[in-house]
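Peer 1: Mind folding the following:
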Amino acid sequence: MRDIFAKGEITNPELKRLMGKMKDMKSEQLMLDVLSEAARARFLVPVSGEVGSMSFHAISDEQARRFLAVYSETSDFEQNKKDDSVKAVEASFEDVMEAVLADDLRLDGMVVNPGSDEVIFGRDMLKMIADQMHSPADVKVGEPDHYPADMKSGIIAFMKDDKRVNAVYVRLYVKKDDGATGWIFVMDADVTDDEMPYLCDTFNRYIKPYTDDQPSVTVPSGEDYAKAAIKGVEPFVKREGDKVS
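Peer 2: The predicted model follows:
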C-alpha cells in the first residue's frame with residue numbers, strides 16, 4: 001500500500017448503489033456484482049500517525065474478530081472519522097486484500113463503509129479471491145487419496161451442533177509451483193448472506209485440529225469458484241432429516 005495520504009475526492013457510485021441494495025435484498029448474484037465492482041474500485045483506508053509510522057483502524061465485532069475499516073466514498077469517511085487527526089490513504093481492492101491477509105496484522109477481514117452501508121468481506125473469502133487474481137492457473141483442485149482419520153467425525157459433530165448446515169464438501173488443492181497442498185471445505189447452509197461469512201469462518205477455525213496441520217479455507221457453496229470445485233462431487237457429510245452422515 002502506498003504511504004501517501006489521499007488527495008481529492010473518492011467516489012464509487014455503482015458500488016455504493018449495490019451495497020445499499022444489500023440491506024433489503026440478499027442474493028448470490030448481488031454479492032457477485034458487489035465483488036466485481038469492488039475489484040475495480042479505489043478505497044480510503046483510515047490511518048493514524050505519519051508516513052513511516054502509520055497504524056490502521058480496525059473494528060471488532062461481538063466475537064472479538066477484527067476487521068480493517070475502509071471507505072468507498074470520501075463523504076462516508078468524513079462523516080465517520082473521529083477527529084481531524086485521522087487521515088486516509090488511497091488503496092485499490094488488491095492493496096486492501098494484501099493488508100488484510102498480512103499475518104502480522106492478524107485481521108479477520110475488511111468492512112466497507114462501517115456506520116452506513118457496511119459490507120463485510122471475510123479473510124477466507126479474500127484469500128480465495130487473491131489466489132484467483134494472482135495465479136488462478138497455478139492451483140489444481142481434486143479428490144484427495146485419503147482423509148485425516150477424525151475429519152469426518154469432526155464435521156459430523158459440528159453439523160449436529162449447528163443444524164443450519166446441510167452439507168460439507170471436502171476438496172484438496174495442490175499448488176503447481178511447489179506442490180503445497182491444503183483443504184477446501186465448501187459449505188451448504190440455511191443462513192443469510194450476512195451470516196454465511198461468519199459461519200464459514202467459525203467452521204474453518206473449528207476444523208483446524210482435523211486437517212493434519214495443512215492450511216484450509218471454507219467457502220459458501222453458492223460462490224462460483226465453489227460450484228466449480230464441487231461439480232459432480234457428492235457431499236463428504238450431509239444432513240438427511242435428523243440424520244447426519
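Peer 1: If the closest residue to residue 197 other than its chain neighbours is in a bridge, with which residues?
Peer 2: The shortest distance from residue 197 to any residue other than its chain neighbours is 3.8 Å, reached at residue 122 (C-beta to C-beta, 6 or more residues apart in numbering). Every C-beta, even on glycine, is put in place using the N, C-alpha and C of the backbone. Under the criterion DSSP bridges, residue 122 forms beta bridges with residue 109.
Peer 1: give me every residue that touches residue 122.
Peer 2: Residues in contact with residue 122, defined by C-beta atoms under 8 Å, 6 or more residues apart in numbering, are 108-109, 197-198, 200-201.
Peer 1: cutoff 10 Å now
Peer 2: Counting by C-beta atoms under 10 Å, 6 or more residues apart in numbering, residue 122 touches 65, 67, 100, 108-110, 128, 196-201, 204, 218-219.
Peer 1: Helix or strand next in line after the helix or strand bottoming out on mean pLDDT in the chain, which one?
Peer 2: The helix or strand of the chain with the poorest confidence is helix 123-134; it has a mean of 72 (mean pLDDT, DSSP states H and E). Toward the C-terminus, helix 123-134 is succeeded by strand 139-142 as the next helix or strand (DSSP states H and E).
Peer 1: and that next one, what other elements does it pack with?
Peer 2: The contact analysis (3 or more C-beta pairs under 10 Å, 6 or more residues apart in numbering; DSSP states H and E) places strand 139-142 against helix 123-134, strand 165-175, strand 181-189, helix 224-229.
Peer 1: Would you tell me what the next helix or strand after it is?
Peer 2: Toward the C-terminus, strand 139-142 is succeeded by helix 151-161 as the next helix or strand (DSSP H and E).
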